[in-house]
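[1] Got a predicted structure plus its sequence, pasted below:
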Amino acid sequence: MLMSKRSLYLLGLITLLVFPIPTFLAYYFIESKPPILALELDNINLINVGLGLAFGTVYALLALLLMQLRVFKTMPNRIEKIVQKMDLSIIDCVFLSICAGVGEEILFRAGVQLYLGPIITSVVFVGLHGYINPFDWKMSLYGLVVLPFIVVISYGLIYYGLWFCIAAHFIYDLVLFLVMSRKSNSKQFEDELFVEQEDMEE
């Protein structure tokens, strides 16, 4: 069932505002630290943010290239098809990418990774997104495409900070959303043009 724009935005806001709460609670009750420290606001470095944006962009383009392989073409629930059905505008793409990049990174990188470490956290992250499925080896294969990206940003937290992770996640999602949405619009335009040509011939 296709999700409405309203539901999509609500889900985005939940990701942005609710997902970080467990991390803040862990900082306060378990780590005995002010929850605001989880955001690493004093560690926002433009160079590290730039590195995150560069890495996320390159990996997103690589993922898009790999998704053109024949093995992914026959997937019934291809990521492209799901995104295309959303009919996203550029603003939608930016909003959803911000929500995922900020909300999920605060939860997983700043929170869960404190206790499970980079590797297990990465596997859990990919698994919760449905990309590791023992009943669908092709989807699991796509999970293996995504997993190295998540592992790198998980270790990136140690060396470059949370905002490197947020920037990489944000731009990765944004590139995928923009490219896949553009494909959807192009296909719709081609279909409409084809129909018009058929009408003219008749």
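    Cool, the structure landed.
[2] Check the offset of the helix or strand hosting residue 101 from the chain's centre.
    For residue 101, the host element (DSSP states H and E) is helix 90-107. Here helix 90-107 is found 8 Å from its chain centre; the criterion is Cα atoms, centre = their mean, to the nearest Å.
[3] What is that helix packed up against?
    Packing partners of helix 90-107 (3 or more Cβ pairs under 8 Å, 6 or more residues apart in numbering; DSSP states H and E): helix 5-17, helix 21-25, helix 162-201. Where you see a C-beta, it was placed from the backbone N, CA and C, and this is true even at glycine.
[4] 10 Å - rerun?
    Secondary-structure packing of helix 90-107 (3 or more Cβ pairs under 10 Å, 6 or more residues apart in numbering; DSSP states H and E): helix 5-17, helix 21-25, helix 46-66, helix 79-86, helix 113-128, helix 137-160, helix 162-201.
[5] closest one to residue 39 among those?
    helix 162-201 (7.1 Å; Cβ to Cβ).
[6] still on that earlier bit, worst average pLDDT in the helices and strands packed on helix 90-107?
    Lowest mean pLDDT within those: helix 162-201, at a mean of 72.
[7] Distance check, the nearest residue to residue 169 once chain neighbours are set aside against residue 27.
    In this structure, residue 169 finds its nearest non-sequential neighbour in residue 101, 4.1 Å apart by Cβ to Cβ, 6 or more residues apart in numbering. Taking Cβ to Cβ, to the nearest Å as the measure, residue 101 falls 20 Å from residue 27.
[8] and these two? which has more neighbours close in?
    Taking neighbours as other Cβ atoms under 10 Å, residue 101 and residue 27 compare with residue 101 leading, 25 against 20.
[9] before we move on, the earlier item: residue contacts, the residue nearest to residue 169?
    By Cβ atoms under 10 Å, 6 or more residues apart in numbering, the contact set of residue 101 is 15-16, 52, 56, 163, 165-174.
[10] switch to 6 Å and redo it
    Residues in contact with residue 101 (Cβ atoms under 6 Å, 6 or more residues apart in numbering) are 166, 169-170.
[11] So which of these wins on neighbours?
    Neighbour max across those (other Cβ under 10 Å) = residue 166, 28 neighbours.
[12] so who does that residue touch?
    Residue 166 neighbours (Cβ under 6 Å, 6+ apart): 101-102, 105.
[13] Excluding sequence neighbours, find me the nearest residue to the residue nearest to the spatial centre of the chain.
    The centroid of the chain falls nearest to residue 173 when counting by Cα atoms, centre = their mean (4.1 Å). Excluding its sequence neighbours, the residue lying closest to residue 173 (Cβ to Cβ, 6+ apart) is residue 97, at 4.2 Å.
[14] want to throw the contacts of residue 101 into JSON lines with distance to residue 67?
    Below are the contacts of residue 101 laid out as JSON lines (distance: Cβ to Cβ, whole Å):
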{"residue": "166", "distance to residue 67": "24"}
{"residue": "169", "distance to residue 67": "18"}
{"residue": "170", "distance to residue 67": "20"}
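[15] now, among those, which is nearest to residue 126?
    Among the contacts of residue 101, residue 169 lies closest to residue 126 (Cβ to Cβ), at 12.7 Å.
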